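Engineer: sequence unknown, structure follows:
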């Protein structure tokens, strides 16, 4: 302390500096307001680390018991404790990736076309109405899409579409004998419908933000409308479109309710899109009620851990890619 | 001009022109096909969404337009009384209570974090910003698992409304924080500088000038976070208990929420339960539409006033 005061002591010709510096509100001083903010932020950081930690530590017993075969194995065979239970998450991991991949392909193709049409073909007056509608649709909770899928789409596939497919020549060879009401593909299609508004809400803005000069320059050079859209508009907006895709993909990854209602919830090795299956999130929801008080709980937390790692990896990857593309775009 | 050209030259020219014409025609054809496909994409996108809305209204309206929907308790269907449906008053109150408790925690903390992030460009703030962005992308069922391991097991509270609210609060926190940060950052820097130049402390400037200026955006963000939490199923389904048939607001009781009731109704084999699910779904969608339209209109009007 004494040391500090001696170094701070002002020279004789500028006596007032230190006193005034204390009186005027410095940006470095921390009053109760600043401390409140800091405490709240620290609290949030603590919650976030607790969040990761609790899922990690809760799943440890399952890894301890089975090792990595928990991730690479297939099957879900709880026992009453007389013999060791066997759990495998591979079916759920593949189911998650498969349903999200099919859904994102549908959503990106249809969604990009929709955004282009909204921005370039629709009359300007309709544009804001459609934009508002898309954003409202994006706010619909997933359980509503789930109920539509299970009460309308699944019976239709079972009673109308499936028999029709089977009656086609060669239909039974390709699609199996009869189509079950529930399948991975059905879940993926409902997922696609569900993430479409999310994707369009962002991609519409991204495409709308492409400078009009670029479009006009391209058209004036004699490019056709499609050439302009394909060679000028889409490449210009690719960073934003990529962000929209990864956001929609994240939603598909973590979607619980729709997949749990529609995929069938079967743990098996047939990964054909028309077969029944399940995803990580859906399986947790399906199994959680029955799992109380058994060694299934750590295994379900392990499923949660895998899902969390997948989703974190994807969000880091997309942040990196967006940053790199932005840098490249700035350099060029 | 043409006289000066040899017959070979004019032949070449004709050939080139022919090729150019063909290319142009091909490009035009591709362009019109792709344009048509873009229109088709709108149609393909709209059909299922319109179908869902039509189905919702046609199947749910008769149910939600009766007053018993809001005032009565549900009645479990039996084989002999399949069409005796009560209302959903317990889930309605349950959802309301869940959201209120979640907001009590998430709104003040979320706003605090958002303001902190907007006002600081330090290393810890950058880390916190990454954490917020990652939490926004985290699947909601993980919040359910978190609430289960912390509230239900670690604190020994058991399945309860409190656990559900905790999960929803963790879900809402990063959403509120990021929208708050954005709207505080959007406040013109001149306002803050004017406050500081007049001798106000940084805290006074924040509380009296910057936050009021950003309030529209903050409130909009909170409403959007609420409308997201209202429809969230996975979180509350895991930890809320789910089978309570009485109306309760006590945080330690078992509870019911609207989305989790839909989820259990849909899996029932009685068609009357399916009707109830459609009714609740329509009600939820209407609530969310009203919330987000209100947020939108309100923020648009405020912005107009400011200009």
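Structural biologist: Ah, there it is. As the structure is a computational prediction, the values presented were derived from the model and not from experiment.

Engineer: The residue in the stretch 1-150 of chain B that chain A sits nearest to - how many residues pack around it?
Structural biologist: Chain A sits closest to residue B:139 of the stretch 1-150 of chain B, with a gap of 2.3 Å, by Cβ to the nearest Cβ. Every C-beta, even on glycine, is put in place using the N, C-alpha and C of the backbone. When neighbours are counted by other Cβ atoms under 10 Å in any protein chain shown, residue B:139 registers 25.

Engineer: now swap in residue A:328 and tell me
Structural biologist: Residue A:328, neighbours per other Cβ under 10 Å, totals 10.

Engineer: so what pLDDT did residue B:198 get?
Structural biologist: For residue B:198, the model assigns a pLDDT of 92.

Engineer: How about the contacts made by residue 284?
Structural biologist: Since no chain was named, I'll use chain A. By Cβ atoms under 8 Å, 6 or more residues apart in numbering or on different chains, the contact set of residue A:284 is A:256, A:300, A:303, A:304, A:307, B:141, B:145, B:238.

Engineer: switch to chain B, that's the one I care about
Structural biologist: So residue B:284 contacts A:141, A:143, A:144, B:230, B:231, B:258, B:259, B:262 (Cβ under 8 Å, 6+ apart).

Engineer: Tell me the buried residues in whatever helix or strand it lives in?
Structural biologist: Using DSSP states H and E, residue B:284 maps to helix B:271-306. The neighbour-count check on helix B:271-306 (16 or more other Cβ atoms under 10 Å in any protein chain shown) flags B:272-285, B:287-288, B:291-292, B:295-296, B:299 as buried.

Engineer: How about stretch B:23-38?
Structural biologist: Neighbour counts over stretch B:23-38 (16+ other Cβ under 10 Å) mark B:27, B:31, B:34, B:35, B:37, B:38 as buried.

Engineer: model confidence over it, on average?
Structural biologist: Stretch B:23-38 comes out at a mean pLDDT of 92.

Engineer: Give me the contact status of it with chain A.
Structural biologist: Yes: Stretch B:23-38 lies within reach of chain A by Cβ under 8 Å from any Cβ of the partner chain, at B:27, B:28, B:30, B:31, B:32, B:34, B:35, B:37, B:38.

Engineer: In terms of pLDDT, where does the closest residue to the residue of the stretch 1-150 of chain B closest to chain A other than its chain neighbours sit?
Structural biologist: Closest residue to residue B:139 apart from its sequence neighbours, by Cβ to Cβ, 6 or more residues apart in numbering or on different chains: residue A:254 at 2.3 Å. Here the pLDDT value assigned to residue A:254 is 88.

Engineer: Now do stretch B:152-164: everything it contacts.
Structural biologist: A:54, B:94, B:97-98, B:101, B:147-148, B:151, B:235-236, B:239-242, B:248-255, B:257.

Engineer: now do the same end-to-end measure for it.
Structural biologist: With Cα to Cα, to the nearest Å as the measure, stretch B:152-164 spans 10 Å from end to end.

Engineer: Could you check that stretch and say which residues are buried?
Structural biologist: Using 16+ other Cβ under 10 Å as the test for burial, stretch B:152-164 gives B:152, B:157, B:159, B:160, B:161, B:162, B:163, B:164.

Engineer: next SSE after the one helix or strand the last one maps to?
Structural biologist: Secondary structure from DSSP H and E places residue B:164 in helix B:161-185. Proceeding C-terminally, helix B:161-185 gives way to helix B:189-197 as the next helix or strand, assigned by DSSP H and E.

Engineer: and that following helix, what other elements does it pack with?
Structural biologist: Helices and strands touching helix B:189-197, as assessed by 3 or more Cβ pairs under 8 Å, 6 or more residues apart in numbering or on different chains; DSSP states H and E, are absent.

Engineer: and the angle for that helix with helix B:161-185?
Structural biologist: Orientation of helix B:189-197 against helix B:161-185 (axes from the mean of the first three to the mean of the last three Cα atoms, to 10 degrees) gives an angle of 90 degrees.

Engineer: what does helix B:189-197 rub up against?
Structural biologist: A:25, B:202, B:204, B:205, B:208, B:209, B:210, B:213.

Engineer: Which residues of the stretch 51-200 of chain B lie near chain A?
Structural biologist: B:51-52, B:55-56, B:108-109, B:112-113, B:115-117, B:119, B:124-125, B:127-128, B:131-135, B:137-143, B:145-146, B:149-150, B:154, B:170, B:173, B:177, B:196, B:199-200.

Engineer: Quick check: the gap between the residue nearest to residue A:135 when sequence neighbours are not counted and residue A:137.
Structural biologist: Excluding its sequence neighbours, the residue lying closest to residue A:135 (Cβ to Cβ, 6+ apart) is residue A:201, at 5.2 Å. Separation of residue A:201 from residue A:137 (Cβ to Cβ, to the nearest Å): 8 Å.

Engineer: Kindly report the same for residue A:230.
Structural biologist: 27 Å.

Engineer: Residue B:255 now?
Structural biologist: 29 Å.

Engineer: Which one's more surrounded, those two?
Structural biologist: residue B:255 (33 against 23).

Engineer: Am I right that that one is in contact with residue B:240?
Structural biologist: Yes: with contact defined as Cβ atoms under 8 Å, residue B:255 reaches residue B:240; the gap is 4.8 Å.

Engineer: list residues touching both of those two?
Structural biologist: With Cβ under 8 Å, 6+ apart as the test, residue B:255 and residue B:240 both reach B:94, B:98, B:160, B:161, B:164.

Engineer: For the last one, report the pLDDT, please.
Structural biologist: Residue B:164 is assigned a predicted lDDT (pLDDT) of 93.

Engineer: before we move on, what about residue A:222?
Structural biologist: Reported pLDDT for residue A:222: 88.

Engineer: cool, residue B:114 as well?
Structural biologist: On the pLDDT scale, residue B:114 gets 94.

Engineer: in what helix or strand does residue 62 lie?
Structural biologist: As the question left the chain open, I've gone with chain A. Here residue A:62 is assigned to helix A:32-66, by DSSP H and E.

Engineer: meant chain B actually
Structural biologist: helix B:7-64.

Engineer: What's the first helix or strand after that helix?
Structural biologist: With elements assigned by DSSP H and E, the helix or strand that comes after helix B:7-64 is helix B:68-71.

Engineer: Flag every buried residue along that next one.
Structural biologist: Neighbour counts over helix B:68-71 (16+ other Cβ under 10 Å) mark residue B:69 as buried.

Engineer: likewise stretch B:204-215?
Structural biologist: Applying 16+ other Cβ under 10 Å to stretch B:204-215 flags B:204, B:205, B:206, B:209, B:210, B:211, B:213, B:214 as buried.

Engineer: Would you mind checking the average pLDDT for that stretch?
Structural biologist: Rounded mean pLDDT across stretch B:204-215 is 90.

Engineer: That one near chain A at all?
Structural biologist: Yes: using Cβ under 8 Å from any Cβ, stretch B:204-215 reaches chain A at B:206, B:207.

Engineer: any idea how far that stretch is from the chain center?
Structural biologist: Stretch B:204-215 sits 26 Å away from the centroid of its parent chain (Cα atoms, centre = their mean, to the nearest Å).

Engineer: Same question for stretch A:148-158.
Structural biologist: 25 Å.

Engineer: neighbouring contacts of that stretch?
Structural biologist: A:179-183, A:186-187, A:189-190, A:258, A:261-262, B:51-52, B:55-56, B:266, B:274, B:277-278.

Engineer: Take these and, keeping just the buried ones, write it as a ChimeraX select command.
Structural biologist: A single ChimeraX command is used to select the members of the contacts of stretch A:148-158 judged buried by 16+ other Cβ under 10 Å:
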select /A:179,180,181,182,183,186,187,189,190,258,261,262 /B:52,55,56,266,274,277,278
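
Engineer: Low-confidence stretches in the chain?
Structural biologist: Since no chain was named, I'll use chain A. A:1-29, A:81, A:170-180, A:332 (pLDDT under 70).

Engineer: ah, no, chain B please
Structural biologist: B:1-5, B:76-85, B:242-245, B:304-307.
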